[in-house]
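Undergrad: Task: produce atomic coordinates for the following.
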Amino acid sequence: DVHRILYYSQSRIRRRRMPAVNTGTRDSALYAYLVIVGTILATIATLIFLKKVLLYFFDIKSNAIKLGLTILKTIPGGKAIVNAQTRRMVNKFSAEMSKSTSEFKKFPKLPKDGMKKRELFNLLDEIQKKEEKHWKHGACTGTVYVGDEDQIEVINTAYSKFTLTNPLHTDTFPSNRKFEAEIIRMSLDLLGGNTDKTNTEACGSLTSGGTESILMALKAYRDSRPDITRPEVITATTVHPAFDKGGQYFGIKIVHVPVDPKTFKMDLNAVKDNINSNTIAIVGSAPGYPHGIIDDIPALSKIAVRYGVGLHVDCCLGGFFLPFLQRSKRAKEFGIDVFDFRLPGVTTISADLHKYGMAPKGTSVVLFRTWELRRHMYFVYTEWPGGQYASPTIAGSRPGALIAGAWAMMVYTGEKKYIENAEKIRDAVDKMAERISKIKGLKVIGDPKAMIVAWTSNEFDVFKLGDAMSGWNLGIQQKPPTIHLCVTPRHIAEGVIDQFLADLEEAVKKVKANPSAFKDKAPLYGIAANMPDRAVIKGFVTGVLDAVLDSN
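TA: Residues are numbered from 1 along each chain as shown. The predicted structure follows:
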């Protein structure tokens with residue numbers, strides 16, 4: 001624009017047929033150039049300033065609280081006041097937690113004489129019966145993914161038969177090796193790693209859960225690029241925090257890019273803008289936990305190939321769900337794009353068996369496109385006096401019973417049952433999205449195509465719905481404030497979703513009619529969403545972790 005203005009000005013000067021340019025004319029032209037540039041820069045600075053002022057006043061309450069806390073912490077004794085208030089909040093949270101187990105016998109010390117077997121079993125039965133009422137009939141978002149009593153029996157039986165096994169000792173327990181290898185091959189078959197069109201080197205490992213799967217992928221990417229001393233990984237703001245944990249553990253800078261404000265998918269232009277010589281990988285979610293939205297993995301694959309970086313697809317939720325929608329006779333109706341190793345740019349995948357694979361808790365897989373990349377996940381130490389030490393993942397000893405339980409569940413359930421579950425869950429999601437979008441005051445986030453429906457409100461505090469919907473345990477999100485339900489096999493039982501929707505419609509009416517009668521159901525996320533000072537929130541959440549570990 002500057003050059004266009006200058007060109008136009010110079011054209012006007014030439015048309016006037018001015019005399020030959022002398023030194024004074026050159027100085028005048030330079031002055032005009034500086035005036036134009038200065039005016040443009042001043043205009044830009046003014047617009048930026050006005051934008052910040054407007055944003056400040058649009059969120060004046062939040063900024064006033066933040067400013068007040070900042071001032072309070074700078075005066076003598078002010079920080080102690082803030083810390084004391086945080087401690088009171090933590091103590092209140094701890095007291096609420098302790099109520100849930102207050103009726104059970106406490107064991108602060110090891111008993112001198114062991115408890116009698118019958119007494120012990122009675123206590124375990126009592127605890128189990130109290131807890132299962134919260135989840136057994138589908139009142140929880142996510143949490144329990146096993147659908148029926150037969151499946152629970154299969155898991156428990158397999159677990160009990162291999163309780164003492166440990167895959168660290170493959171010579172003693174070769175069954176663990178068989179189970180693990182077959183779980184990996186079955187997982188690769190589902191996720192595009194066993195076809196003639198993909199790399200036949202596709203491989204993987206079992207881990208203790210999605211977080212460890214993600215950590216192992218990050219370690220492999222970092223160690224595969226020793227030439228990059230300040231590695232960076234690009235993720236969306238909605239990606240699972242396990243990536244931030246891995247970044248902290250392994251010295252990787254996690255670059256968060258925004259999501260599209262309408263689709264809530266990862267902003268592809270922002271991804272390209274943030275790729276540089278330190279980028280070792282991009283991360284896409286299929287789907288993301290907060291809103292159940294699947295990123296544009298085919299487009300991310302093209303970007304990864306173009307720039308020569310890795311692409312990790314986080315399928316911890318969708319790894320044993322989305323493939324069955326694709327294998328369904330209704331696949332075209334469900335509209336799930338390719339998101340796995342069939343795409344040339346995808347180099348690693350994380351997928352939790354203990355979610356829609358319905359395996360026992362503590363089982364996940366991390367899959368690699370090549371053997372070479374997987375080897376960078378390993379730990380090998382050859383100088384120990386105890387012998388050669390090597391482990392594929394973080395743990396040394398691992399519970400072989402979990403591996404046996406996961407293998408047994410996959411073999412028992414079979415493809416047909418997995419497809420049937422996936423179809424019913426997706427039907428429930430479609431029904432929820434349609435009904436919720438028609439409730440005045442609620443807005444569905446994005447276009448949910450997986451197992452999660454999230455919604456928000458511009459008319460009232462959406463967190464109050466958690467309190468109004470007594471008996472339901474819902475997922476509470478922030479930035480923006482939203483609530484979601486992660487649909488599981490527990491929710492596809494007859495009448496569960498219909499009851500949920502009826503309760504939601506009634507709760508909206510109650511909150512709109514009398515909002516002061518309800519409180520934020522989730523203290524962690526409710527406080528986080530309403531407290532602008534992130535340092536205060538971090539102090540509170542850290543205290544909550546202490547309370548979780550110390551309250552019995």
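Undergrad: where are the low-confidence patches of the chain?
TA: Along the chain, segments meeting pLDDT under 70 span 1-27, 48-79, 81-82, 195-200, 520-536, 552.
Undergrad: Pick out the residue closest to the middle of it.
TA: His240 (2.5 Å; C-alpha atoms, centre = their mean).
Undergrad: ok, now how distant is it from Pro287?
TA: As judged by C-beta to C-beta, to the nearest Å, His240 and Pro287 stand 11 Å apart. For the C-beta atoms, the positions are set from N, CA and C on the backbone; glycine is no exception.
Undergrad: cool, Ile183 as well?
TA: Taking C-beta to C-beta, one finds Ile183 at 23 Å from Pro287.
Undergrad: Looking at those two, which has the bigger crowd around it?
TA: Pro287 (28 against 24; other C-beta atoms under 10 Å).
Undergrad: ok so that one is a strand residue?
TA: No. Assigned with DSSP: H, G, I helix; E, B strand; the rest coil, Pro287 falls outside any strand and is coil.
Undergrad: I'd guessed Val496 sits against Trp135; true?
TA: No. Assessed by C-beta atoms under 8 Å, Val496 is found out of contact with Trp135, at 12.0 Å.
Undergrad: Quickly list what's touching both of those two.
TA: Residues touching both Val496 and Trp135 by C-beta atoms under 8 Å, 6 or more residues apart in numbering: Arg490.
Undergrad: And the strands in the stretch 401-550 of the chain, which stretches?
TA: Counting by DSSP state E, counting those that start in this stretch, the stretch 401-550 of the chain has these strands, from start to end: 443-444, 452-456, 475-477, 482-486.
Undergrad: In space, what's closest to Leu191 - neighbours in sequence excluded?
TA: Nearest residue to Leu191 in three dimensions, chain neighbours excluded: Asp340, at 4.2 Å (C-beta to C-beta, 6 or more residues apart in numbering).
Undergrad: show me the biggest helix of the protein in terms of residues.
TA: helix 400-437 (DSSP state H).
Undergrad: That one packs against which elements?
TA: helix 149-161, helix 174-190, helix 322-327, strand 443-444, strand 452-456, helix 496-513 (3 or more C-beta pairs under 8 Å, 6 or more residues apart in numbering; DSSP states H and E).
Undergrad: Off-centre distance for that helix?
TA: From the chain centre to the centre of helix 400-437 is a distance of 19 Å (C-alpha atoms, centre = their mean, to the nearest Å).
Undergrad: Report the buried residues of it.
TA: Of the residues in helix 400-437, 400-410, 412-413, 418-426, 428-429, 432-433, 435-436 count as buried by neighbour count, 16 or more other C-beta atoms under 10 Å.
Undergrad: could you give the angle of that helix to strand 482-486?
TA: Taking axes from the mean of the first three to the mean of the last three C-alpha atoms, to 10 degrees, one finds helix 400-437 and strand 482-486 inclined to each other by 130 degrees.
Undergrad: neighbours around Pro323, how many?
TA: 25.
Undergrad: Please apply the same query to Glu505.
TA: As a burial measure, Glu505 scores 15 neighbours (other C-beta under 10 Å).
Undergrad: Which one of the helices and strands packed on helix 400-437 lies nearest to Val309?
TA: Smallest distance to Val309 across the helices and strands packed on helix 400-437 (C-beta to C-beta): 22.4 Å, for helix 174-190.
Undergrad: Show me which parts of the closest one are buried, residue by residue.
TA: The neighbour-count criterion (16+ other C-beta under 10 Å) identifies 175-176, 179-180, 183-184, 186-188, 190 as the buried residues of helix 174-190.
Undergrad: picking up where we left off before, surely the residue nearest to Leu191 and Gly192 touch.
TA: Yes. Applying C-beta under 8 Å, one finds Asp340 in contact with Gly192, separated by 3.8 Å.
Undergrad: list residues touching both of these two?
TA: Shared contacts of Asp340 and Gly192 (C-beta under 8 Å, 6+ apart): Val346.
Undergrad: Against Phe243, how distant is Leu206?
TA: As defined by C-beta to C-beta, Leu206 lies at a distance of 20 Å from Phe243.
Undergrad: out of the strands of the stretch 401-550 of the chain, nearest to Thr263?
TA: strand 443-444 (12.0 Å).
Undergrad: show me what contacts Tyr412?
TA: Tyr412 touches 151, 154, counting by C-beta under 8 Å, 6+ apart.
Undergrad: what does Asp171 give?
TA: Asp171 neighbours (C-beta under 8 Å, 6+ apart): none.
Undergrad: Looks to me like it is in a helix.
TA: No. If the criterion is three-state DSSP, then Asp171 is coil and not within a helix.
Undergrad: Phi, psi for it please.
TA: phi -70, psi -40 (degrees, to the nearest 10).
Undergrad: As a check, name the ranges of all strands in the stretch 201-350 of the chain.
TA: 203-207, 232-236, 253-257, 279-285, 310-314, 348-352.
Undergrad: So which of the strands of the stretch 401-550 of the chain is nearest Arg306?
TA: Short answer: strand 452-456, nearest of the strands of the stretch 401-550 of the chain by C-beta to C-beta, at 30.6 Å.
Undergrad: For the closest one, which strands pair with it and how are they oriented?
TA: Next to strand 452-456 in the sheet, as set by DSSP bridges, lie strand 443-444 (antiparallel), strand 482-486 (antiparallel).
Undergrad: Could you check the angle the last one makes with helix 496-513?
TA: Orientation note: strand 482-486 sits at an angle of 170 degrees relative to helix 496-513 (the same axes, to 10 degrees).
Undergrad: Ala395 - that's part of a helix, no?
TA: No. Read with three-state DSSP, Ala395 is coil and lies in no helix.
Undergrad: and the closest residue to Ala331 other than its chain neighbours, how many neighbours?
TA: Spatial nearest neighbour of Ala331, excluding adjacent residues (C-beta to C-beta, 6+ apart): Leu325 at 6.5 Å. Leu325 has 22 neighbouring residues, counting by other C-beta under 10 Å.
Undergrad: just Ser391 next, same as before
TA: Counted with other C-beta under 10 Å, Ser391 comes out at 17.
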